[in-house]
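# the following block contains a protein sequence and its predicted model.
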Amino acid sequence: MTAAVIDGKAFAATLRTRVGELAAEFEAKAGRKAGLAVVLVGEDPASQVYVRSKGKSTLEAGMNSFEHKLPADTSEADLLAMVYALNADPAVDGILVQLPLPRHIDEQKVIAAINPDKDVDGFHVTNAGRLAVGQPGFVPCTPLGCLMLLQDRLGDLSGLNAVVIGRSNIVGKPMAQLLIAQSCTVTVAHSRTQDLADVVRRADIVVAAVGRPEMVKGDWIKPGATVIDVGINRVPGAAEGKTRLVGDVDYASAAAVAGAITPVPGGVGPMTIAVLLRNALVAAYRNAGLDLAADAV
Ligand code: GUN
C-alpha cells in the first residue's frame with residue numbers, strides 16, 4: 001500500500017484565498033484594512049526569509065503589513081517599548097515577534113508584553129491557558145494547521161489514538177491540547193520516552209515534531225495511520241555541497257505503511273503562514289467588535 005499524500009500546499013492556498021475574501025469583507029465593514037505587525041530583531045538568515053515571506057503573504061491577502069526590523073544589539077527595554085507601542089496602535093490587529101530572539105533578550109518577557117488579543121502566534125500564557133480550558137483565544141499556527149489537515153483528511157477525530165512526538169510550547173503542547181479538545185486519546189512522547197516505536201505503533205494519528213531528521217521509521221507506523229510531519233531539517237544532499245530538506249519521518253518507509261502522510265516540503269510548512277493570516281484576520285474582527293462565524297475560516 002502507498003499512503004495518500006496530504007497536499008498542504010494546496011490546502012494552504014485555499015485557506016489564503018478564503019482569508020483574502022474575508023479580509024475584503026472586513027475592510028468594507030470596518031472602514032480600514034486588517035493589520036499585522038511583524039518584528040524581527042537581528043539578521044538571522046532563516047528568520048529574514050520567514051519575515052519577508054510573511055510580509056508578502058499578508059499584503060497578498062489584502063491586509064496591511066507593518067514590518068519592524070531592529071538591529072541585533074537592540075536592548076530588551078527598547079524591544080518592549082516597541083511591543084507596547086504596537087499594543088496601543090489601533091491599526092495593528094496582530095503582533096508577531098519573530099523567534100528566536102538574540103540571547104540578551106528574555107523571550108518570555110517579550111511574549112508576556114504582547115496584548116493577548118493581538119497575540120496571533122498564540123504564545124502568550126493567557127492564550128495557552130485559554131486553549132487548555134477551551135476558551136476562545138489564539139492557537140499557535142503550526143499545530144492549528146496540522147489539526148486542519150487532519151480534519152480535512154479524517155473528518156471527526158473523536159476516539160482516535162493520537163501520538164504527538166515533541167513537547168515544545170510552540171508545537172507539541174498546543175497540538176496535544178487541540179487533539180484532546182477533539183476527543184482523541186492523546187499521548188505526548190519526547191526524548192525520554194521509553195519504547196517510542198511501540199508507543200507510536202498504537203497511533204491512528206502521528207504528529208512528529210522533534211527536529212530529528214527521519215527519526216520516525218515506517219515499521220513504527222500502524223498500517224493505515226495518518227502521519228503529520230512537522231520537521232524541517234536540512235541534511236547533506238546527494239551531490240557534493242548540496243543540501244536537501246527532510247522531515248522528522250522517514251518518508252519512503254512510512255509512506256509504504258501509512259494511510260496518509262504529509263510530505264516535506266509541501267506538507268505542514270505552507271500551512272503555518274496561511275494560519276497566521278487566518279489568526280490575524282480573526283484578531284481584526286474581534287478587535288473591531290465585528291462578528292465572524294466560528295466556522296467562517
Ligand atoms: N520562529 C519559528 N517559527 C515561528 C513562529 O511560528 N512564530 C514566531 N514568532 N517565531 C517563529
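Received, thanks. Numbering: from 1, shown residues only.
# switch to C-alpha atoms for all contacts and neighbour counts from now on
OK.
# which parts of this protein are helices?
8-30, 45-60, 76-88, 107-113, 125-133, 141-154, 172-181, 196-201, 251-255, 269-287 (DSSP state H).
# so which of the ones you listed comes closest to Gln98?
With CA to CA as the criterion, Gln98 lies closest to helix 45-60 of these, at 7.0 Å.
# okay, the closest one in CSV with CA atoms only?
Provided in CSV are the C-alpha atoms of helix 45-60 (Å, rounded to 0.1, in the frame of the first residue of the first chain):
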residue,chain,number,x,y,z
PRO,A,45,19.1,34.5,7.6
ALA,A,46,16.3,31.9,8.2
SER,A,47,14.3,34.4,10.2
GLN,A,48,14.8,37.1,7.5
VAL,A,49,13.4,34.7,4.9
TYR,A,50,10.3,33.9,7.1
VAL,A,51,9.6,37.5,7.8
ARG,A,52,9.9,38.6,4.1
SER,A,53,7.5,35.7,3.2
LYS,A,54,5.0,36.7,6.0
GLY,A,55,5.0,40.3,4.8
LYS,A,56,4.4,39.4,1.2
SER,A,57,1.6,36.9,2.1
THR,A,58,-0.1,39.5,4.3
LEU,A,59,-0.2,42.0,1.5
GLU,A,60,-1.5,39.4,-0.9
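# per-residue pLDDT of the residue sitting furthest away from the middle of the chain, please?
Within the chain, Glu240 marks the point farthest from the mean C-alpha position, 32.7 Å out by CA atoms, centre = their mean. pLDDT for Glu240: 91.
# spatially central residue for the chain, please.
Thr142 (1.5 Å).
# contacts only, for that one.
170-171, 268-269, 271-272, 275 (CA atoms under 8 Å, 6 or more residues apart in numbering).
# among the residues you listed, name the buried ones.
Buried members of the contacts of Thr142, counted by 16 or more other CA atoms under 10 Å: 170-171, 268-269, 271-272, 275.
# check whether stretch 28-36 contacts the ligand.
No: against the ligand, stretch 28-36 shows no contacts by CA under 6 Å from any ligand atom, the least distance being 12.2 Å.
# and the stretch 51-200 of the chain, which residues reach the ligand?
Residues of the stretch 51-200 of the chain lying near the ligand (CA under 6 Å from any ligand atom): 96-99, 121.
# type out the PyMOL command that picks the buried ones from those residues.
To isolate the buried subset of those in PyMOL, counting by 16+ other CA under 10 Å, use the following:
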select buried, resi 96+97+98+121
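# farthest-separated two in the residues of the stretch 51-200 of the chain next to the ligand?
Leu99 and Asp121 (10.6 Å).
# give me the pLDDT for whatever residue of the stretch 101-250 of the chain ends up closest to the ligand.
Residue nearest to the ligand within the stretch 101-250 of the chain: Asp121 (5.7 Å; CA to the nearest ligand atom). Asp121 carries a pLDDT value of 98.
# and Ile95, bridged to which residues?
For Ile95, the beta-bridge partners are Ala37 (DSSP bridges).
# what's near enough to touch it?
Ile95 touches 36-39, 83, 86-87, 114, 118-121, counting by CA under 8 Å, 6+ apart.
# repeat for Arg212
Here Arg212 is in contact with 231, 233, 247-248 (CA under 8 Å, 6+ apart).
# against Lys242, how distant is it?
19 Å (CA to CA, to the nearest Å).
# go on, Ser53?
In terms of CA to CA, Ser53 sits 23 Å off from Lys242.
# mind listing what's buried along stretch 258-265?
Buried-residue list, stretch 258-265, by 16+ other CA under 10 Å: 258-265.
# cross those against strands and list the overlap.
260-261 (DSSP state E).
# redo the buried residues of stretch 258-265 as CSV? Include distance to the ligand and pLDDT.
Shown next, in CSV, are the buried residues of stretch 258-265 (distance: CA to the nearest ligand atom, whole Å; pLDDT from 0 to 100):
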residue, distance to the ligand, pLDDT
Ala258, 27, 98
Gly259, 28, 98
Ala260, 25, 98
Ile261, 22, 98
Thr262, 19, 98
Pro263, 19, 98
Val264, 16, 98
Pro265, 15, 97
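# ok, of the buried residues of stretch 258-265, which one's closest to Ala61?
Pro265 (22.4 Å).
# most neighbours of all the contacts of Ile95, which one?
When neighbours are counted by other CA atoms under 10 Å, Val120 leads these with 32 neighbours.
# residues contacting that residue?
Per CA under 8 Å, 6+ apart, neighbours of Val120: 94-96, 138-140, 276, 279-280, 283.
# is it possible to mark the buried ones in the residues you listed?
94-96, 138-140, 276, 279-280, 283.
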